[in-house]
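Student: just a sequence and a predicted model for now, questions to come.
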Amino acid sequence: MSPIQGQISHREHDLREMLLRSAGKLFQDVGYVQASIYRIASAINAPKGTFYNYFRSKEDLASSGDSVEADQHSVLIAITIPGSI
């Protein structure tokens with residue numbers, strides 16, 4: 001892997017982690033329903049389309065099982081998607 005490829009891969013990982021953290025914080029602050037994809041991406045100063053480079057939907061992000069940091073506490077994105085029960 002070239003140094004440039006490594007930098008791109010690292011940046012992609014960072015953006016994905018930033019989206020997960022943004023979502024975790026918004027899920028806590030405003031709830032799952034109010035945490036739109038636009039709000040998740042905007043919180044990290046990214047265009048909405050950036051979200052779709054890493055996740056198919058908000059449900060995909062929520063069901064990814066990745067843990068995120070929010071307010072210095074580890075939070076597992078484990079939510080009940082409205083209407084899924």
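Tutor: All right, it came through fine. Nothing here was measured: the structure is a model prediction, and the numbers come from that model.

Student: which helix or strand in the chain has the lowest average pLDDT?
Tutor: strand 73-76 (a mean of 44; mean pLDDT, DSSP states H and E).

Student: now the protein, which segments are flagged as low pLDDT?
Tutor: Residue ranges of the chain with pLDDT under 70: 1-12, 65-85.

Student: what ranges do the strands span in it?
Tutor: In the chain, the strands defined using DSSP state E lie at 67-70, 73-76.

Student: which ones are touching Tyr38?
Tutor: Going by Cβ atoms under 8 Å, 6 or more residues apart in numbering, Tyr38 touches Lys48. To be clear about C-beta, it is placed using only N, CA and C from the backbone, and glycine gets the same treatment.

Student: repeat that with 10 Å
Tutor: 47-48, 51 (Cβ atoms under 10 Å, 6 or more residues apart in numbering).

Student: Ser42 now?
Tutor: Contact partners of Ser42, counting by Cβ under 10 Å, 6+ apart, are 22, 26, 36, 48, 51.

Student: most neighbours, which of those residues?
Tutor: Counting neighbours by other Cβ atoms under 10 Å, the top entry in the contacts of Ser42 is Phe51, with 26 neighbours.

Student: surely that residue and Leu61 touch.
Tutor: Yes: Phe51 is within contact range of Leu61, at 7.9 Å (criterion: Cβ atoms under 10 Å).

Student: list the residues that contact both of these two?
Tutor: Contacts common to Phe51 and Leu61, judged by Cβ under 10 Å, 6+ apart, are 16, 19, 22-23, 37, 40.
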